[in-house]
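Trainee: return atomic coordinates for the entry below.
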Amino acid sequence: MLRSLGQRPVTGSDEDPRVAELRTAVSRLRRELAALPSEFPDRAIAEDELAALAAMATGGRPETPRLRRSLLLIAGAIGSVSALARGLSDVREAVDLFGEPPRT
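Mentor: Residues are numbered from 1 along each chain as shown. Just a heads-up that it's a prediction; the model follows:
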């Protein structure tokens, strides 16, 4: 992970490295899900929420509560598909880079 290594991506911009990490993890999981030949009941939910995460990652700094909500929906939708476990873990780690939401 970029944060754990103390590195920033070399993009030539001032992009938040957490956003870059999120975008990369989401893109990877979307590709893995698209390549999965089997259907499962909540696949559409996972695809919709991954699209929402991708949109948040392109729109600047995402809202942490919304990131976590999408992550929970994705985990619930594909949590039992072992072929996607690593990709899901990568997305979770990328969401965790945004820290805890403020307590109200």
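Trainee: find the centremost residue of this structure, please.
Mentor: Val91 (3.5 Å; C-alpha atoms, centre = their mean).
Trainee: please spell out which residues along whichever strand or helix holds that one are buried.
Mentor: In this assignment (DSSP states H and E), Val91 forms part of helix 85-96. Buried residues in helix 85-96, defined by neighbour count with 16 or more other C-beta atoms under 10 Å: 87-88, 90-91, 94-96. Every residue, glycine included, has its C-beta placed from N, CA and C.
Trainee: now flag whichever of these is closest to Leu22.
Mentor: Closest approach to Leu22 among these (C-beta to C-beta): Ala94, at 4.2 Å.
Trainee: for Ala44, see how far away the closest one is.
Mentor: With distances taken as C-beta to C-beta, to the nearest Å, Ala94 is found 22 Å from Ala44.
Trainee: please apply the same query to Arg31.
Mentor: 17 Å.
Trainee: now Leu97
Mentor: Taken as C-beta to C-beta, the span from Leu97 to Ala44 is 27 Å.
Trainee: higher neighbour count, the two?
Mentor: Leu97 (19 against 11; other C-beta atoms under 10 Å).
Trainee: nearest residue to that one in space, please, no chain neighbours.
Mentor: Nearest non-adjacent residue to Leu97, counting by C-beta to C-beta, 6 or more residues apart in numbering: Arg18, 4.2 Å away.
Trainee: can I assume the one you found is in contact with Asp96?
Mentor: No. If you go by C-beta atoms under 8 Å, Arg18 and Asp96 don't touch, sitting 9.5 Å apart.
Trainee: what sits up against the helix holding Val91?
Mentor: 1, 18, 21-22, 24-26, 28-29, 32-33, 53, 67-68, 71, 74-75, 78-79 (C-beta atoms under 8 Å, 6 or more residues apart in numbering).
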